[in-house]
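Undergrad: What follows is a predicted protein model with its sequence.
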Amino acid sequence: MGRLFGTDGARGIANTELSCELAMKIGRAAAMVLTENLSHKPKVLIGMDTRASSHMLCSAISAGLCSVGADVLILDVVPTPAVAFLVKEYNYDAGVMISASHNPCEYNGIKIFQHNGYKLPDELENEIEEIILDESKIPPVVVGGDVGRIHFSSSAVDDYIFHLAMTSDGNFKGMKIALDCANGSASVSARALFTRLGAECYIINDTPNGVNINDNCGSTHIDSLKNFVLEKKCDIGFAFDGDADRVLIVDERGELVDGDKIIAICAKYLKQNGQLSNNTAVVTVMSNMGFFKFCEKNGINCVKTKVGDRYVLENMVANDYSIGGEQSGHIIFLDHATTGDGQMSAIQVLNVLKRTGLKISELADEMEVYPQVLVNVRVSNYGKTRLEKDKEVQLAIKEASEELGDEGRVLVRVSGTEPLVRVMLEGQDYEQIKYLADCIAKVVEERLV
């Protein structure tokens, strides 16, 4: 993992950890790297979520880009996958998304996409980091007519909605759906998109004010959508996160359908219709044991990667797989997109409901979920680097693994986006795995503060 860019871009508390000065430096360094690899003036588009700090950071990174000669197109508030789509659609050299995804409003982040819609590769992120942190190169300062220009898009959201609508199998007339926009980026697109597709829509948390993004709403706080689905008697509910690149589902009973189940439902449907490339689904090591059992039962190959949608995507691209994602709701349909897209995932699930005539609960119940416990332990940044080296922590992990044997598993890892160590256990006995998870978490807290 880089020193600035984690598994999902540079991220931190806006105006302190992720300052305007740092954003400007990222803009200058990125423009320099682009200029060295292009024979024309770089063009960069920038999108953002609804956080109060997003426009501030957009101004800073735009200034940095323009100071080195890059032109900028500001999309304003859009979902992250809109940036990934539009950078290619508009023939731009790079795209920037300003968002901290599912994190609270005080956080923000900067994620960079290549011209082809894929996230910036590690080697280019490293080069940008070296320019900023090591001053390996000094970005040029251009003057006069060479200074970059800033333009504003008025069609970005409409162009993105049209793209999403084209992935549907007709319309969803007769379907009653609930949408939780997390007071984030989906607020600018979800209502228009799903109404256009014929669904009867009931929407909550689509009035962002700069500070209410992800605040007791969206995919990280699913209870409000559960109650809303039951209240409105909806067929299905979709909860997006702050930048709308992930989605979780609530079925008509008010029960959660997580990313593992969504991938299982869609992978089986694709297989039945001869569209599951290489008969494989890609997930991370955090996926539930029940998902792996589901794949075995349905003759689907399953590939596991490190946690992070970038690693899922890298594996999918390298091996020509068509579906992959994470339990958290980052789901990639590579035939349609280059990154996780919550609204596109919702459309693909609605396609399955329409074609099969089944309820979402009937499809979800085909995958048995094994009891799983996840404990997040806040540690220091230095503590994160010591996880695999600390003998006491490793002993606690080993003892828990031996106690579970073949009936469960232990996974302890550092977060790629937050100062956390995540302790995850699965097994058949919830009380047992909860006790063991708490034991490991206590040792982590004592040793890695």
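TA: Received the coordinates, thanks.

Undergrad: OK, contacts around the residue nearest to Gln114 when sequence neighbours are not counted?
TA: Closest residue to Gln114 apart from its sequence neighbours, by C-beta to C-beta, 6 or more residues apart in numbering: Leu120 at 5.9 Å. C-beta here means a position set from N, CA and C on the backbone, and glycine is covered the same way. Residues near Leu120 by C-beta atoms under 8 Å, 6 or more residues apart in numbering: 5, 94, 112-114, 128.

Undergrad: which stretches of the stretch 51-200 of the chain form helices?
TA: 54-67, 80-89, 122-133, 156-165, 190-196 (DSSP state H, counting those that start in this stretch).

Undergrad: Work out for me the element Gly237 sits within.
TA: strand 236-240 (DSSP states H and E).

Undergrad: Run me through the strand neighbours of that strand, direction for each.
TA: Here strand 236-240 is paired, per DSSP bridges, with strand 176-180 (parallel), strand 247-251 (antiparallel).

Undergrad: Quick check: beta-bridge partners of Val421?
TA: Val377, Val414.

Undergrad: Same list (the helices of the stretch 51-200 of the chain) but as TSV, adding mean pLDDT.
TA: Listed next are the helices of the stretch 51-200 of the chain as TSV, based on pLDDT from 0 to 100:
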stretch	mean pLDDT
helix 54-67	98
helix 80-89	98
helix 122-133	91
helix 156-165	98
helix 190-196	98
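
Undergrad: Distance from stretch 66-79 to the middle of the chain?
TA: On the basis of C-alpha atoms, centre = their mean, to the nearest Å, stretch 66-79 sits 22 Å off its chain's mean C-alpha point.

Undergrad: Then stretch 183-197?
TA: 18 Å.

Undergrad: got the domain boundaries for the protein?
TA: Domain assignment for the chain by automatic domain parsing gives 5-154, 159-364, 372-447.

Undergrad: How about the secondary structure of the residue lying closest to Glu255 once chain neighbours are set aside?
TA: Nearest residue to Glu255 in three dimensions, chain neighbours excluded: Ser361, at 6.8 Å (C-beta to C-beta, 6+ apart). At Ser361, secondary structure determined by DSSP: H, G, I helix; E, B strand; the rest coil is helix.

Undergrad: give me every residue that touches Ser361.
TA: Here Ser361 is in contact with 251-253, 255 (C-beta under 8 Å, 6+ apart).

Undergrad: repeat for Val211
TA: Neighbours of Val211 in contact, by C-beta under 8 Å, 6+ apart: 51-52, 105.

Undergrad: if we go to 7 Å?
TA: For Val211, the contact set (C-beta atoms under 7 Å, 6 or more residues apart in numbering) comprises 52, 105.

Undergrad: try the one 4 residues further on
TA: Contacts for Asp215 (C-beta under 7 Å, 6+ apart) come out as Asn183.

Undergrad: follow-up on the earlier one: may I see the helices of the stretch 51-200 of the chain organised as CSV, with distance to Met175 and mean neighbour count added?
TA: Formatted as CSV, these follow (distance: least, C-beta to C-beta, whole Å; neighbours: other C-beta atoms under 10 Å):
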stretch, distance to Met175, mean neighbour count
helix 54-67, 33, 22
helix 80-89, 22, 26
helix 122-133, 41, 17
helix 156-165, 15, 19
helix 190-196, 9, 19
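
Undergrad: among the ones you listed, which is nearest Glu399?
TA: helix 122-133 (35.0 Å; C-beta to C-beta).

Undergrad: what does that closest one contact?
TA: 2-5, 25-26, 29-30, 32-33, 136-137, 139.

Undergrad: nearest to Val379, of those?
TA: Of all these, Arg3 has the smallest distance to Val379: 17.7 Å, by C-beta to C-beta.

Undergrad: Tell me the confidence at Gly416?
TA: pLDDT, Gly416: 74.

Undergrad: for the one 3 residues further on, same thing?
TA: Each residue has a pLDDT score; the one for Pro419 is 88.

Undergrad: Contacts only, for Asn15.
TA: Ser53.

Undergrad: Just to be sure, Glu431 is in a helix?
TA: Yes. Counting by three-state DSSP, Glu431 is found in a helix.

Undergrad: From Pro371, how far off is it?
TA: Remark: distance between Glu431 and Pro371 (C-beta to C-beta, to the nearest Å) = 9 Å.

Undergrad: neighbour-wise, which of these two wins?
TA: Legend: neighbour count by other C-beta atoms under 10 Å for Glu431 and Pro371, higher for Pro371 (18 against 10).

Undergrad: could you measure that one against Gln428, distance?
TA: Relative to Gln428, and taking C-beta to C-beta, Pro371 is found at 7 Å.

Undergrad: Gly184 against Cys217, yeah?
TA: No. Assessed by C-beta atoms under 7 Å, Gly184 is found out of contact with Cys217, at 8.8 Å.

Undergrad: out of those two, which sits in the busier spot?
TA: Gly184 (33 against 25).

Undergrad: So for that one, what's the nearest residue that isn't a sequence neighbour?
TA: Gly242 (3.7 Å).

Undergrad: got it, and Ser53?
TA: Closest to Ser53 by C-beta to C-beta, 6+ apart is Ala14, at 3.5 Å.

Undergrad: Bridged to the one you found, which residues?
TA: Under the criterion used (DSSP bridges), Ala14 bridges to Leu18.

Undergrad: what's the burial count for it?
TA: 23.

Undergrad: Next up, the contacts around it.
TA: Ala14 touches 53, 57, 106-108, counting by C-beta under 7 Å, 6+ apart.

Undergrad: just Tyr311 next, same as before
TA: Thr305 are the contacts of Tyr311 under C-beta under 7 Å, 6+ apart.

Undergrad: returning to what we had before: tell me, what's the model's pLDDT at the residue nearest to Gly184?
TA: So, for Gly242, pLDDT stands at 97.

Undergrad: That one against Cys181, yeah?
TA: No. With contact defined as C-beta under 7 Å, Gly242 does not reach Cys181; the gap is 9.5 Å.

Undergrad: pLDDT weak spots in this protein?
TA: When residues are selected by pLDDT under 70, those of the chain lie in 1-2.

Undergrad: top of the contacts of Leu120 by neighbour count?
TA: Phe113 (28 neighbours).

Undergrad: Give the closest residue to that residue in space, chain neighbours not counted.
TA: Gly95 (4.0 Å).
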